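In: What follows is a protein structure lacking sequence information:
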């Protein structure tokens, strides 16, 4: 009788803990509409010891245009040594859910990201039967519990092989009756067996998270359409203003530097007048592609207006921004674009060194750009 009572108390404690986690995660998911941040919150809830406690969790999203399903976000480790280091750090720092999720701002700004995250993002599967289990899960539209014995028989399946999966759960994400992706969780390191209760809680949690993902995708789709420059397909002036606000808050929170770069194509008006606007538009497209090729993935390149561009550089101090600016300047100078040679002038300003606020920071970068033009063009000037 005492044992039965003890078991009930433990189960009640577990349920209370899970409900508390659900409540906290629901609040956290309301703090952002960005898809990467939403998925990071969801996967943190699946992996954190204060959450569902799986060793690894990853999400793959459907790309209808590319007719594939690609890795979007992953939390976990690549090997036992890394897993032990991560867990030890979490224990020592007493990191709760809020602290773990806040850590994502550091990850986004760092050039060195977690190995498992980069590995997941490198994965891509065709959106057809050749991708095996991942496609079947989307088709059947229900959680699949793959036990160890079955996983061994499926060792040649693309997903099982790539992630070296033993026992695991794979859940389809369906949004507006359309397949949107899958979430995969396992206990790769601890080898802790899964139980029916784990699956129930997992399903409940994913159902709760589905709405947040749907809202985020709708928001990002609207954002892309309204903030994309129609000529160059780069972000536009409005998006630059929106993202600079956001990135400055992150930089301040994470105590990291941030730089902005203002770029102007030298003598572009003369080129337009002598070659015509069609040739000028073609040149702008070519220059945009060249600029994009020289930016990092986390950099935010925008067409600021006319022949002027801007780049937000998260995590970059002024000297690092200068080195990137020089690389971009040389790249443009050396390349023949639309049958002509071009040069650019660049002005750079950095947070927190030059200013703690957005508009003074933009103004300082603009003044540096003006000096670059005045001092002979085809150069980079720091605020």
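Out: Nice, I can see it. Worth saying up front: this structure is predicted, and the values here are computed from it rather than measured. Numbering: from 1, shown residues only.

In: low pLDDT regions in the stretch 1-150 of the chain?
Out: Confidence mapping of the stretch 1-150 of the chain against pLDDT under 70 gives the ranges 1-31, 49-51, 83, 85-112.

In: how about the helices in it?
Out: For the stretch 1-150 of the chain, the helices defined by DSSP state H, counting those that start in this stretch cover 2-29, 35-47, 80-93, 97-102, 104-109, 115-121, 133-140, 148-153.

In: Which residues outside whichever helix or strand comes after the last one are in contact with it?
Out: Okay, so that is helix 148-153. Toward the C-terminal end, the helix or strand that comes next after helix 148-153 (DSSP states H and E) is helix 158-163. Outside of helix 158-163, the residues within contact range by C-beta atoms under 8 Å, 6 or more residues apart in numbering are 56, 58, 123, 125, 131-134, 146, 151, 154-155, 165, 170, 184, 186. In short, each C-beta sits where N, CA and C put it, glycine included.

In: Now do residue 125 against residue 66, distance only.
Out: 11 Å (C-beta to C-beta, to the nearest Å).

In: do residue 153 as well
Out: 30 Å.

In: got it, and residue 219?
Out: In this view, residue 219 and residue 66 are 21 Å apart by C-beta to C-beta.

In: more neighbours, the two?
Out: Using other C-beta atoms under 10 Å as the criterion, residue 219 and residue 66 rank with residue 219 on top: 15 against 11.

In: List the buried residues for stretch 32-50?
Out: By neighbour count with 16 or more other C-beta atoms under 10 Å, stretch 32-50 contains the buried residues 32-33, 35, 37-48, 50.

In: same question, stretch 284-296
Out: 284, 285, 286, 287, 288, 290, 291, 294, 295.

In: Among those, which lie within helices?
Out: Those of the buried residues of stretch 284-296 mapping onto helices are 284, 285, 286, 287, 288, 290, 291, per DSSP state H.

In: The fifth one: what's its closest spatial neighbour, skipping adjacent residues?
Out: The one in question is residue 288. Using C-beta to C-beta, 6 or more residues apart in numbering and skipping residues adjacent in sequence, the residue nearest residue 288 is residue 232, 3.9 Å away.

In: Just give me the neighbour total for residue 276.
Out: Quick note: residue 276 (other C-beta under 10 Å) scores 11 neighbours.

In: do the same with residue 123
Out: Counted with other C-beta under 10 Å, residues neighbouring residue 123 total 18.

In: and if you look at the one 5 residues further on?
Out: Counted with other C-beta under 10 Å, residues neighbouring residue 128 total 10.

In: Residue 135 is in contact with that one, correct?
Out: Yes: under the criterion of C-beta atoms under 8 Å, residue 128 makes contact with residue 135 at 6.3 Å.

In: outside of stretch 304-312, which residues touch it?
Out: Contacts of stretch 304-312 (C-beta under 8 Å, 6+ apart): 234, 237, 240, 243-244, 247, 258-265, 268-269, 284, 288, 291, 295, 299-303, 365.

In: if you set the cut-off to 6 Å instead, what comes out?
Out: With C-beta atoms under 6 Å, 6 or more residues apart in numbering as the test, stretch 304-312 has contacts from 237, 240, 243-244, 247, 260-265, 268, 299-303.

In: Narrow those residues to those that are buried.
Out: 240, 243-244, 247, 260-265, 268, 299-303.

In: for these, which one is nearest residue 80?
Out: The nearest member of the buried ones among the contacts of stretch 304-312 to residue 80, counting by C-beta to C-beta, is residue 299 at 34.5 Å.

In: I'd like the distance between the closest one and residue 314.
Out: Counting by C-beta to C-beta, the gap from residue 299 to residue 314 is 7 Å.

In: And for residue 35?
Out: Distance from residue 35 to residue 314, counting by C-beta to C-beta: 17 Å.

In: So residue 181 belongs to a strand, correct?
Out: Yes: if the criterion is DSSP: H, G, I helix; E, B strand; the rest coil, then residue 181 is within a strand.

In: Could you check the longest helix along the chain and say which residues are buried?
Out: With residue count as the measure and DSSP H as the assignment, the chain has helix 196-226 as its longest helix. By 16+ other C-beta under 10 Å, the buried positions in helix 196-226 come out as 198, 201-202, 205-206, 209-210, 212-217, 223.

In: Stretch 265-281 too?
Out: Neighbour count says stretch 265-281 has 265, 266, 268, 271, 272, 280 buried, by 16+ other C-beta under 10 Å.

In: Likewise for stretch 366-383?
Out: In stretch 366-383, counting by 16+ other C-beta under 10 Å, buried: 366, 368, 369, 372, 373, 378, 379, 380, 381, 382, 383.

In: isn't residue 238 right next to residue 227, touching?
Out: Yes: counting by C-beta atoms under 6 Å, residue 238 does reach residue 227; the two are 5.5 Å apart.

In: how does this protein divide into domains?
Out: Using automatic domain parsing, the domain parsing of the chain gives 2-226, 237-382.

In: distance between the ends of the shortest one?
Out: Just to be clear, that refers to domain 237-382. 22 Å (C-alpha to C-alpha, to the nearest Å).

In: Please apply the same query to stretch 299-317.
Out: Termini of stretch 299-317 sit 13 Å apart (C-alpha to C-alpha).

In: tell me which residues of it are tucked away?
Out: Using 16+ other C-beta under 10 Å as the test for burial, stretch 299-317 gives 299-304, 307-317.

In: again with stretch 183-193
Out: Neighbour-count burial for stretch 183-193 [16+ other C-beta under 10 Å]: 183, 184, 185, 186, 187, 188, 189.

In: Can you tell me which of these is nearest residue 351?
Out: residue 183 (35.7 Å).

In: residues contacting that closest one?
Out: Residues in contact with residue 183 (C-beta under 6 Å, 6+ apart) are 59, 171.
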